[in-house]
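Undergrad: model this:
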Amino acid sequence: MSNKEKHWYQDGGTVLTIVVMLTLLMIWGSRFWQHENEQQKAPAIALNAGRLDVSPDGEPVLHLRFWHVYPGVLRNGRLTVIVDYPETKSGEGLRIHAFDTWEPNDDHTVTWDVPLPGYDLKQRVPVRVRLEAENARTFAYTQVWLGTGWVEDEVSISE
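TA: Alright, predicted model coming up:
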């Protein structure tokens, strides 16, 4: 065979192009499959309750309770809570609860106390919550604490 009679698989440029195209197609297909698989999972929804008290030293403390309503046990995940209050000390506004398993409903509540030094009942305190788990779709929302309770119409959900 002469040089002009080469088969397509003997041409290095053609083979390289095919290998690159197949690799890109496999990467795109894998990401598409992972995205579709994630979307089919039920969301891990965290619910919360709060109460504002005054500590013995006269400082307001926000007592937060969290539980989830996923239809089963959540596995290998974390609950992240960020209290956006400017007067909290460094690190006190961020809480992370990592778990191997977490049972559903109010019986398995996670509680945190967040001091709010100098809190005025007219101040809005956004509380950002994100719940991630291996066997559920990630769920995040922001809820606003105002005075002595949650502002019902100020909840933003982002999945």
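
Undergrad: Just grab the bridge partners of the residue nearest in space to the middle of the chain for me.
TA: The centre of the chain sits closest to R130, judged by CA atoms, centre = their mean, with a distance of 3.5 Å. As for beta bridges, R130 partners with T80, A140 under DSSP bridges.

Undergrad: wait, it sits on T80?
TA: Yes. Here R130 lies in contact with T80, judged by CB atoms under 8 Å, at a distance of 4.5 Å. Where C-beta positions appear, they are placed from N, C-alpha and C, glycine not excepted.

Undergrad: Tell me, how many residues neighbour K41?
TA: 14 (other CB atoms under 10 Å).

Undergrad: same check, this time on T109
TA: 14.

Undergrad: How about R75?
TA: Neighbours of R75 using other CB under 10 Å come to 13.

Undergrad: Check G12 too.
TA: 8.

Undergrad: confidence score at the residue lying closest to G149 once chain neighbours are set aside?
TA: Spatially, and ignoring its direct neighbours in sequence, G149 is nearest to G50 (7.7 Å; CB to CB, 6 or more residues apart in numbering). pLDDT, G50: 92.

Undergrad: Can you name the residues that contact D107?
TA: W67 (CB atoms under 8 Å, 6 or more residues apart in numbering).

Undergrad: per-residue confidence at it?
TA: 86.

Undergrad: now swap in V155 and tell me
TA: pLDDT, read off for V155, is 67.

Undergrad: Could you say which helix or strand holds F66?
TA: If you go by DSSP states H and E, F66 is part of strand 60-68.

Undergrad: With just CA atoms, put that strand into CSV.
TA: Extracted in CSV, the C-alpha atoms of strand 60-68 (Å, rounded to 0.1, in the frame of the first residue of the first chain):
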residue,chain,number,x,y,z
PRO,A,60,-30.4,37.9,74.2
VAL,A,61,-30.0,34.3,73.0
LEU,A,62,-31.7,32.8,70.0
HIS,A,63,-32.5,29.1,70.6
LEU,A,64,-32.8,27.2,67.3
ARG,A,65,-34.1,23.7,66.8
PHE,A,66,-33.8,21.7,63.5
TRP,A,67,-35.2,18.4,62.3
HIS,A,68,-35.9,17.0,58.9
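
Undergrad: and that strand, what does it pack onto?
TA: With contacts taken as 3 or more CB pairs under 8 Å, 6 or more residues apart in numbering; DSSP states H and E, strand 60-68 sits against strand 46-54, strand 74-83, strand 110-115, strand 124-133.
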